[in-house]
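Novice: here's my sequence, what's the structure:
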Amino acid sequence: MSGSQPSTPDTASSRGFELFARAASGGVLAVATVAALIAGGMAFSAVVVVGAIAALREWHRLINDRRLAREMFITGLTMIAVVWFAREPDGAGLAVAAIFAGAAVTAVSAALRRLPAFWPIPWHALGAFYLGLTVLSLVLFREMPEGVAIIGALFVAVWTADTAALLVGRIIGGLKLAPVLSPNKTWSGFIGGTLAACAAEAIYFAVLGGSPLLGAGLGIFLALTGHCGDLFESWVKRQFHAKNTGNLIPGHGGMLDRIDSLLFAAPAYAGLVFAFPSFGSLP
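Specialist: Numbers count the residues shown, from 1 in each chain. Sure thing, here's the model as predicted:
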């Protein structure tokens, strides 16, 4: 990589261990998530809620100077309400209302603490939307007849794009994608991750009897929205002078560090599927 210092044995060893830890923990989480997805029902809903609450804990701690914030209990209960309503027939509207209500109550809670500045209040409230829209999207997808295949398409694109972007970026290096936001991200990783997601999604659609061309387009769309989610979280961490949102997952950091791409890709995919049902037409 241009301008980088030669790797010392210790640095190379630590990077190797980080990649191993990242692959191992990512594999465990992927297997558990896929198993819950296939099981469906309360199993999948529980995994979604637990993941969302873990991420919200990190979100509010980030805003609250690395200290536990009571607002996480409000947004956590909001996630439970979102899942509850989303699993009911015609409950999507109530789930959206729960997100708005949760954000409003969170803002009031933060305001009542008489914080020395106003800016943390909207940040705390944003957590209800940031996690809530993804929770709603995943649960609504799973309740659909083709829910497993639809969420599978989402995971294939996002996970492939993330993994390929990391590997290609480290192997090829080159120009930085957004050096101010995230010094480690490169254009080679961005392009490599996007193309890998395009190919993986085309294969996924073909295997399930769908259109490979449609799958390729969806792969690019989900990869791009996932990259946006990754960059958004990098920007948020920059605002709060944090390298990671936590240390819950070895090799990844916090839960938010692990699902940042999904938090943009899932709601975007939901909008696409409900606007153009052909993108969700999988056997």
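Novice: all helices of the stretch 101-250 of the chain, in order?
Specialist: Remark: helices assigned in the stretch 101-250 of the chain by DSSP state H, counting those that start in this stretch are 120-143, 147-172, 187-207, 212-239.
Novice: mean confidence score for stretch 130-142?
Specialist: Averaged across stretch 130-142, pLDDT comes to 97.
Novice: rewinding a little: with distance to residue 56 added, can I get the helices of the stretch 101-250 of the chain in JSON lines?
Specialist: The C-beta positions use only the backbone N, C-alpha and C, and glycine is treated the same way. Formatted as JSON lines, the entries for those read as follows, by distance: least, Cβ to Cβ, whole Å:
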{"stretch": "helix 120-143", "distance to residue 56": "5"}
{"stretch": "helix 147-172", "distance to residue 56": "20"}
{"stretch": "helix 187-207", "distance to residue 56": "27"}
{"stretch": "helix 212-239", "distance to residue 56": "13"}
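Novice: so for residue 50, which of these sits nearest?
Specialist: helix 120-143 (10.9 Å; Cβ to Cβ).
Novice: CA atoms only: put the closest one into PDB for me.
Specialist: Extracted C-alpha coordinates of helix 120-143, given in PDB (Å, rounded to 0.1, in the frame of the first residue of the first chain):
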ATOM      1  CA  PRO A 120     -27.200  14.400  22.400                       C
ATOM      2  CA  ILE A 121     -31.000  14.400  22.400                       C
ATOM      3  CA  PRO A 122     -31.600  13.900  18.700                       C
ATOM      4  CA  TRP A 123     -28.800  11.400  18.600                       C
ATOM      5  CA  HIS A 124     -30.400   9.300  21.300                       C
ATOM      6  CA  ALA A 125     -33.800   9.500  19.500                       C
ATOM      7  CA  LEU A 126     -32.200   8.500  16.200                       C
ATOM      8  CA  GLY A 127     -31.400   5.100  17.600                       C
ATOM      9  CA  ALA A 128     -35.100   4.000  17.400                       C
ATOM     10  CA  PHE A 129     -35.100   4.600  13.700                       C
ATOM     11  CA  TYR A 130     -31.600   3.400  13.000                       C
ATOM     12  CA  LEU A 131     -32.300  -0.100  14.500                       C
ATOM     13  CA  GLY A 132     -36.100  -0.100  14.300                       C
ATOM     14  CA  LEU A 133     -36.400   0.100  10.500                       C
ATOM     15  CA  THR A 134     -34.100  -2.800  10.100                       C
ATOM     16  CA  VAL A 135     -35.900  -4.900  12.700                       C
ATOM     17  CA  LEU A 136     -39.200  -4.100  11.000                       C
ATOM     18  CA  SER A 137     -37.800  -5.000   7.600                       C
ATOM     19  CA  LEU A 138     -36.400  -8.300   8.700                       C
ATOM     20  CA  VAL A 139     -39.600  -9.400  10.600                       C
ATOM     21  CA  LEU A 140     -41.900  -8.400   7.700                       C
ATOM     22  CA  PHE A 141     -39.700 -10.300   5.300                       C
ATOM     23  CA  ARG A 142     -39.800 -13.400   7.400                       C
ATOM     24  CA  GLU A 143     -43.600 -13.300   7.700                       C
END
